[in-house]
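Undergrad: Mind looking at a prediction? Sequence and model below.
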Amino acid sequence: MSEWKRRPTRSPAAAARIAGSDTQKLQKVLADAGLGSRREMEELMRAGEVTVNGVAAGVGARVGPRDSIRVKGRALRRPLEPRFPRVLLYYKPEGEIVSRDDPARRPSIFERLPPVRGAKWLSVGRLDFNTSGLLILTTSGELANRMMHPRYGLQREYAVRVRGRLDARELERVASDVRLEDGVARCDWIRDAGGEGANHWYRLAISEGRNRVVRRMFAALGHAVSRLIRVRFGPLELPRELRRGQYLELSPRRTRELLASLGLRLD
């Protein structure tokens, strides 16, 4: 059962400062500092692990440049200017997880990434253990949040190999109405990509990131997915020169173009 605590009354001066234009939402400040995604930061706040000026901070709290922030007892050092984000395009192979913590101790994508000072790599969405292809990582929580947010509707494009061939009725359903246990799913477009024997390839694009949604859509039609490769996320494509397990860092110019496409200016 959740426990709610009354927030301490702020002084008029503090209230005026917090309402000022120089404040930001605390979860955004923490995410921009590279501590995790906004959702992860909100979970820390709900757990009472974040304080502002010695007081536990709730989700939605705003902070200014003079506020003292501590996360799990450690002081947060904020740069005087926003840190320009780094962005990696990683070709995830099958057999790796997108997590730093796995009780089964399976190989993690984070074991292959370059070190980053004063921040950490955040994955833009996930790919499951048996899915390969393009995975985007960034040091900016704000960038990761925008790329994943349904409001921006960024397409994910996949190459899919399934057992059997979809007939005309099934192709129409994939593009319009596949009912899953968590709601209706549909792809933006789908096209035949050929194949021989028991397996057949398709290319499709979908504008949502529900867990294993592509696999579940085909399973609902009676076709098991035997191979799934993400080849594009929004404006970023899997580079042809990348091999599985390799990464490529976006240039500052391409990073600025990505930020601009999402209405962000972090530099």
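TA: All right, it came through fine.
Undergrad: Can you list the buried residues in stretch 106-119?
TA: Buried residues in stretch 106-119, counting neighbours by 16 or more other Cβ atoms under 10 Å, are found at 109-110, 119. In this view, the C-beta of every residue, glycine as well, is placed from N, C-alpha and C.
Undergrad: What's the end-to-end length of that stretch?
TA: 24 Å (Cα to Cα, to the nearest Å).
Undergrad: Make JSON lines out of the buried residues of stretch 106-119 and add pLDDT, distance to residue 231 and secondary structure.
TA: Formatted as JSON lines, these follow (pLDDT from 0 to 100; distance: Cβ to Cβ, whole Å; DSSP: H, G, I helix; E, B strand; the rest coil):
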{"residue": "109", "pLDDT": "95", "distance to residue 231": "17", "secondary structure": "helix"}
{"residue": "110", "pLDDT": "94", "distance to residue 231": "22", "secondary structure": "helix"}
{"residue": "119", "pLDDT": "82", "distance to residue 231": "28", "secondary structure": "coil"}
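Undergrad: and which of the residues you listed is nearest to residue 129?
TA: residue 109 (10.9 Å; Cβ to Cβ).
Undergrad: ok, that closest one - contacts?
TA: Residues counted as contacts of residue 109 (Cβ atoms under 8 Å, 6 or more residues apart in numbering) are 90, 92, 96-98, 123, 135.
Undergrad: what about 7 Å?
TA: 90, 92, 96, 98, 135 (Cβ atoms under 7 Å, 6 or more residues apart in numbering).
Undergrad: ok, residue 23 - contacts?
TA: 62-64.
Undergrad: before we move on, what about residue 119?
TA: 34, 83, 139.
Undergrad: thought the last one was touching residue 116?
TA: Yes: between residue 139 and residue 116 a contact is recorded at 5.8 Å, counting by Cβ atoms under 7 Å.
Undergrad: Touching both of these two, which residues are there?
TA: In terms of Cβ under 7 Å, 6+ apart, residue 139 and residue 116 are both contacted by the residues residue 86.
Undergrad: how much space between the most centrally placed residue in the chain and residue 138?
TA: Nearest to the mean C-alpha position of the chain, counting by Cα atoms, centre = their mean, stands residue 124 at 2.6 Å. Plainly put, residue 124 is 7 Å away from residue 138 if you go by Cβ to Cβ, to the nearest Å.
Undergrad: Residues that sit against both of the two, list them.
TA: Common contacts of residue 124 and residue 138 (Cβ under 7 Å, 6+ apart): residue 144.
Undergrad: in this structure, what spans have low per-residue confidence?
TA: Applying pLDDT under 70 to the chain flags residues 1-21, 78-82, 265-267.
Undergrad: which residue ranges form the helices in it?
TA: Along the chain, counting by DSSP state H, helices occupy 12-18, 26-32, 38-46, 141-148, 168-174, 213-220, 252-261.
Undergrad: other SSEs contacting the fifth one?
TA: The helices and strands touching helix 168-174, judged by 3 or more Cβ pairs under 7 Å, 6 or more residues apart in numbering; DSSP states H and E, number zero.
Undergrad: Out of the contacts of residue 119, give me the one that has the most neighbours.
TA: Neighbour count (other Cβ atoms under 10 Å) singles out residue 139 as the most crowded of the contacts of residue 119, with 22 neighbours.
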